[in-house]
Each structure stands twice: as C-alpha cells, then as structure tokens.
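# predicted model and sequence below, questions to follow.
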Amino acid sequence: MSDQASDDVMQGVTVVDHPLVQHKLSIMRNQETSTGSFRRLLREISLLLCYEVTRDLELTTKSIHTPMEAMDAPVLKGKKLVFASILRAGNGLLEGMLDLVPSARVAHVGLYRDPVTLEAVEYYYKAPTDLSDRLVIAVDPMLATANSATAAIEKLQESGAKNIRFLCLLAAPEGIASFRERLPDVPIYTAAIDSHLNEKGYILPGLGDAGDRMYGTK
C-alpha cells in the first residue's frame, strides 16, 4: 500500500492515546492477567473510550434552578444514544459505556466468525425501532478482518440507522482498510492499531480472543 493510499485509509480513524487507556491496555495484553482483572480493565477502558467517542455531542440549554439562582444549563440535545453491542465480546465494552451514559438505548447484534471462511454469520438481532434520528455507536473489542463489524453496521443501516460510529479496543491495518472500503462514512475509534493479522485472522501482537479472556472460555 502506498503512503497516499495508507493516509486515505486512515482518514476517519481516531486513536485514543490517553496515558490511562494505553496503560490499561498493556495490562490487558499480558497473558498473565486473570479473567477477573481483564473484565474489570475492559469495563474501565471502555468508559474512557466512550468519553472520546462522545466528545462532540451536540448540546442545548435547559432552564434550571440551582440552590443559588436560575440559570440556562447545558444538556445533551436530541434523542438518547444507542449503543450497539456486537455479541458476545461487545458486551464487555457496553457495560462501561452504560456506566457513563446510563440512559442510552441498547441494540444487540449476534454474529460469529466462520472458522473456515472468516465471514460473519448472524444469529441474533434486536434493536430500538427508531434508529434513524439517533447516534448509534457500535462496539466490539477487536477490528480484525472487519467482517463482523461491517456486517453488524450494515444490519443497523438496514434498520434505519444513519449516524453511526464504531468503537473498538484494537484494530489491524487490514481490518481498517476493509472497513473503510465498505463503510467510508463511518468513523472508527480505537485504543491502538496493531501490526497485522495472522493466517487465522487474529490481530498481532493483540491480546488473544477478547471474548474468551473476558468470560474464561479458553
């Protein structure tokens, strides 16, 4: 890939390089980190990532009374957000995000990766009915081949979602390129872009299978 092509692919990709995010991610990568610690760290880091992906939410004002006087106070504008968890590992990010935005609506997209073709196979889908005028943030810890992420987002688009962002913990350059080719208007937010994918479609150096490490199903 040429430098120009590489730059074009990275348009719309935000790497959250906050020191706390990077520190927690390093602990999660360590194979000695326990299941309980991995789960807790994923919840913590997802809250920090959620802060970044919602940084530019639109505000309006609302008249309130403080104990001292009346004021026009800033509040979020528009309908509640939708967090779309790509099952099963997406639930690990979802929990921390709901800690930060407890009023958000939740969609679930159940996909598994065919071990031979690496293509995404859908087995479950449930989402709010009014997606068209809400910001939808799709979440999955890993953007590897991007097959699951793109399939989930295309499903959300079929259901009416127009304003979508994708949030992950780790991304591979191959996954970003595939994602940007199929969904050029959907921004990507990630904590790190790793080296490459291996022959089985896993991110290197990565952190292993996020779902297995989160749920102890190795």
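In hand now; what should we look at?

# Val75: how many residues sit nearby?
Neighbour count for Val75, taken as other C-beta atoms under 10 Å: 10. In this view, the C-beta of every residue, glycine as well, is placed from N, C-alpha and C.

# and the gap between it and Ile64?
Distance of Val75 to Ile64, given as C-beta to C-beta, to the nearest Å: 9 Å.

# do the same with Gln11
Distance of Gln11 to Ile64, given as C-beta to C-beta: 40 Å.

# kindly report the same for Val106.
As judged by C-beta to C-beta, Val106 and Ile64 stand 28 Å apart.

# center of this structure - which residue?
Leu167 (2.2 Å; C-alpha atoms, centre = their mean).

# which residues does that residue contact?
Residues counted as contacts of Leu167 (C-beta atoms under 8 Å, 6 or more residues apart in numbering) are Leu49, Cys50, Val53, Leu93, Ile137, Ala138, Val139, Tyr189, Thr190.

# so it: helix, strand or coil?
Put simply, Leu167 is strand when judged by DSSP: H, G, I helix; E, B strand; the rest coil.

# distance check, it against Arg88.
Using C-beta to C-beta, Leu167 is found at 16 Å from Arg88.

# who's in contact with Val16?
Leu48, Leu49, Glu52, Tyr189, Thr190, Ala191.

# let's go with 6 Å and repeat that
By C-beta atoms under 6 Å, 6 or more residues apart in numbering, Val16 lies in contact with Leu49, Glu52, Ala191.

# show me where this protein has its helices.
Taking DSSP state H, the helices of the chain run over residues 3-10, 19-29, 35-53, 90-100, 147-158, 173-182, 210-215.

# how close does Ser195 get to Ser26?
Going from Ser195 to Ser26 by C-beta to C-beta gives 15 Å.

# I should have written Arg43 there, sorry.
The gap separating Arg43 from Ser26 is 17 Å, by C-beta to C-beta.

# closest to Tyr215 out of the contacts of Leu167?
Set against Tyr215, the nearest of the contacts of Leu167 by C-beta to C-beta is Leu93 (13.7 Å).
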